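Visitor: Starting from these lines, generate the structure:
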Amino acid sequence: MREISLDRLRTLIAITERGSFAEAARALNLAPPTVSLHIAELEARIGAPLLSRKRGQIKPSAIGEVLVERARRLLADAEQALDDVQRQVQGLEGRARIGASTGAIAHLLPQALEVLRQHHPAIDVQVAVLTSSETLSRLAAGTLDVGLVALPQPPVAGLVITPWRRDPVMAFVPAHWQCPARVTPEWLAAQPLILNDASTRLSRLTTEWFSTAGQHPAPRIQLNYNDAIKSLVAAGYGAALLPHEATAPPTDKRIVMRPLRPALWRQLGIAHRAGYVERATQHVLEVLRDLRFR
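Guide: The predicted model follows:
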């Protein structure tokens, strides 16, 4: 079945409003035969006359009035759709889907979202809590636009992964413990431990830190939620190894932070699909990159 062209509907409305084929042709910058052809095609498609001539005035028939009313709504919807899409192309509106771990979501991502809200309030940001591997898989599948991932990562076809932040991993220790100024794997392995879930990149990083010193401690509990880990440390349940961002809020007074010896760093990267990047996603990337050195 042939679809009705919006141009034909626009011609019908112009004739109805002006009462003349010639005036409609001038208003639409069309040749008069083209206007006549548009109406003939519409009437052939509908199967009934759409216009009638009375006393030299062209008016819509009863069926024509129904179509004109619907056509006005269709054209208005089409114009609105184009306007909405144009605003997204310009970056004034849009949607960006972000995947990140709980560690990044706790302090880093909220800072970016606050800046984004101030400068681009009409961009809708949807956040999914994912591991780095899940984030990269969903980026490659097209169901995410931006990912905050632990580094290093193997290359993924169709994705761009760039370094973003390098934050120190610190020992978070109950304040009432006696601990050295710099925490070593040997000292920490002898303490009750609260470590990250084995599925995380941070868990693999800290396991390597211990094993390099010949230590293989068994944690009391493993979690994938840094704020919950800190709460357990504050309660005296054990010590933890966690990244520390310079802009993070002060820690609970029941917790002391100590640097590690040897030092350990958590590195994060920003991932997105290669090629064309929508303006809304570009704005998100720009805000995130501004947090690189904070």
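Visitor: Which parts of this structure are helices?
Guide: Ranges of helices in the chain, per DSSP state H, are 6-18, 21-28, 32-46, 62-89, 102-119, 132-141, 185-189, 201-212, 226-234, 279-290.
Visitor: possible to save those as JSON lines with mean pLDDT, mean neighbour count and distance to Trp164?
Guide: C-betas here are computed from N, CA, C, even on glycine. Putting the helices of the chain into JSON lines (pLDDT from 0 to 100; neighbours: other CB atoms under 10 Å; distance: least, CB to CB, whole Å) gives the following:
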{"stretch": "helix 6-18", "mean pLDDT": "90", "mean neighbour count": "19", "distance to Trp164": "46"}
{"stretch": "helix 21-28", "mean pLDDT": "90", "mean neighbour count": "17", "distance to Trp164": "53"}
{"stretch": "helix 32-46", "mean pLDDT": "90", "mean neighbour count": "16", "distance to Trp164": "56"}
{"stretch": "helix 62-89", "mean pLDDT": "81", "mean neighbour count": "14", "distance to Trp164": "25"}
{"stretch": "helix 102-119", "mean pLDDT": "87", "mean neighbour count": "18", "distance to Trp164": "9"}
{"stretch": "helix 132-141", "mean pLDDT": "94", "mean neighbour count": "18", "distance to Trp164": "12"}
{"stretch": "helix 185-189", "mean pLDDT": "97", "mean neighbour count": "18", "distance to Trp164": "27"}
{"stretch": "helix 201-212", "mean pLDDT": "94", "mean neighbour count": "17", "distance to Trp164": "14"}
{"stretch": "helix 226-234", "mean pLDDT": "93", "mean neighbour count": "19", "distance to Trp164": "18"}
{"stretch": "helix 279-290", "mean pLDDT": "91", "mean neighbour count": "19", "distance to Trp164": "7"}
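Visitor: Export the ones you listed as CSV, with columns for distance to Pro155.
Guide: Compiled in CSV, the helices of the chain are given as follows (distance: least, CB to CB, whole Å):
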stretch, distance to Pro155
helix 6-18, 45
helix 21-28, 54
helix 32-46, 53
helix 62-89, 30
helix 102-119, 21
helix 132-141, 10
helix 185-189, 31
helix 201-212, 16
helix 226-234, 28
helix 279-290, 19
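Visitor: Quick one, which of the ones you listed gets closest to Ile270.
Guide: helix 279-290 (5.8 Å; CB to CB).
Visitor: Return the distance of that closest one from the chain's centre.
Guide: Relative to its chain's centre, helix 279-290 lies at 10 Å (CA atoms, centre = their mean, to the nearest Å).
Visitor: and what of stretch 285-294?
Guide: For stretch 285-294, the distance to the chain centre is 15 Å (CA atoms, centre = their mean).
Visitor: Can you tell me what sits against that stretch?
Guide: Stretch 285-294 is touched from outside by 108, 111-112, 115-116, 119, 146, 148, 164-165, 245-247, 270, 272, 277, with contacts defined as CB atoms under 8 Å, 6 or more residues apart in numbering.
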